[in-house]
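>>> Would you be able to build a 3D model of this:
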Amino acid sequence: MNDLEPQAVLSWIERFIIRIDDRVQELTELDRHSGDGDFGTNMVTALTRAKAKLSPAPADAGAPFSSLSTAFLEHSGGTSGPLFGMWFREFALAGQGSPVFTTALLADAARNGVATVRRLGSASVGDRTMVDAMAPAADALAEAAGNDVPAVAALRPAAEAARAGADSTSSITARRGRASYVGEAALGAPDPGAVAVALFFESADELQ
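So this is what the prediction gives:
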């Protein structure tokens, strides 16, 4: 399988929901280092709603992401919830009306998603936010698209880049978000939003 058909996208999102549910306590603890400790709960709340909205027969490649985006925009609290909703919305738009996600479509979605989150959240790489994982993943997908790497294979370097970006936030003093209020006290633990982004891309590993 070279491109991601709707059923593969659905499977990817279902695995993401499971991974977040399995790691909710870890994400909550990470958020306690830099926020108010509600990140894990907010993620699970939105993803539970998304799971209920997912169609077993997606109309197109973007349909599962549309359900995911809507759930975050309508049912997730905190600052990061709406940002995730807008990020996933770009994936929904990229796959709308398409029978598959090509690597080029994934790269476009990730690039546009990063641009949207940066604009709305006023964050850049190095600010200790979800952007630190999103941007490297988008760059990896763009490189893969330029090298004609199939979509399923392209998600592996994207996941590796997202994980490296998330891990890097452990040594970054936050300049944006709630973590900016606690400064160096958040050092030593990665940003939970960035970790969630890494888990999202890593959830595609079983599609290989």
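
>>> show me where pLDDT drops low in the protein?
Scanning the chain for pLDDT under 70 picks out 1, 35, 173-188, 208.

>>> outside of stretch 147-156, which residues touch it?
Residues from elsewhere that reach stretch 147-156 (Cβ atoms under 8 Å, 6 or more residues apart in numbering): 1-4, 8, 100-103, 105-107, 140-141, 144-145, 201, 204-205, 207-208. In this view, the C-beta of every residue, glycine as well, is placed from N, C-alpha and C.

>>> ok, now how distant is residue 171 from residue 3?
37 Å (Cβ to Cβ, to the nearest Å).

>>> Settle it for me: which of the two has more neighbours?
Between residue 171 and residue 3, counting by other Cβ atoms under 10 Å, residue 3 is the more crowded of the two (18 against 10).

>>> For that one, give me its contacts.
Residue 3 neighbours (Cβ under 8 Å, 6+ apart): 100-102, 150-152.

>>> Just among these, which is most surrounded?
Result: residue 101 is most packed of the contacts of residue 3 (other Cβ under 10 Å), 28 neighbours.

>>> Which residue comes closest to that residue once chain neighbours are left out?
Computed as Cβ to Cβ, 6 or more residues apart in numbering, the closest residue to residue 101 that is not its neighbour in sequence is residue 4, at 3.9 Å.

>>> phi, psi of that neighbour?
Backbone torsions of residue 4, given as degrees, to the nearest 10, read phi -90, psi 110.

>>> Neighbours of it, how many?
Residue 4: 27 neighbours (other Cβ under 10 Å).

>>> Make sure it is actually in contact with residue 61.
Yes: here residue 4 reaches residue 61: they are 6.4 Å apart, a contact under Cβ atoms under 8 Å.

>>> which SS class is residue 197?
Here residue 197 is recorded as helix under DSSP: H, G, I helix; E, B strand; the rest coil.

>>> Around it, how many other residues sit close by?
29.

>>> Could you do the one 3 residues further on as well?
Around residue 200 sit 25 other residues, with neighbours defined as other Cβ under 10 Å.

>>> what sits against it?
When contacts are counted by Cβ under 8 Å, 6+ apart, residue 200 touches 16, 162.

>>> Okay, and it sits in which element?
Using DSSP states H and E, residue 200 maps to helix 192-202.

>>> Relative to the whole chain's centre, how far out is that helix?
The chain centre lies 6 Å from the centre of helix 192-202; the measure is Cα atoms, centre = their mean, to the nearest Å.

>>> ditto for stretch 88-97
From the chain centre to the centre of stretch 88-97 is a distance of 14 Å (Cα atoms, centre = their mean).

>>> buried stuff in it?
Neighbour counts over stretch 88-97 (16 or more other Cβ atoms under 10 Å) mark 88-95 as buried.
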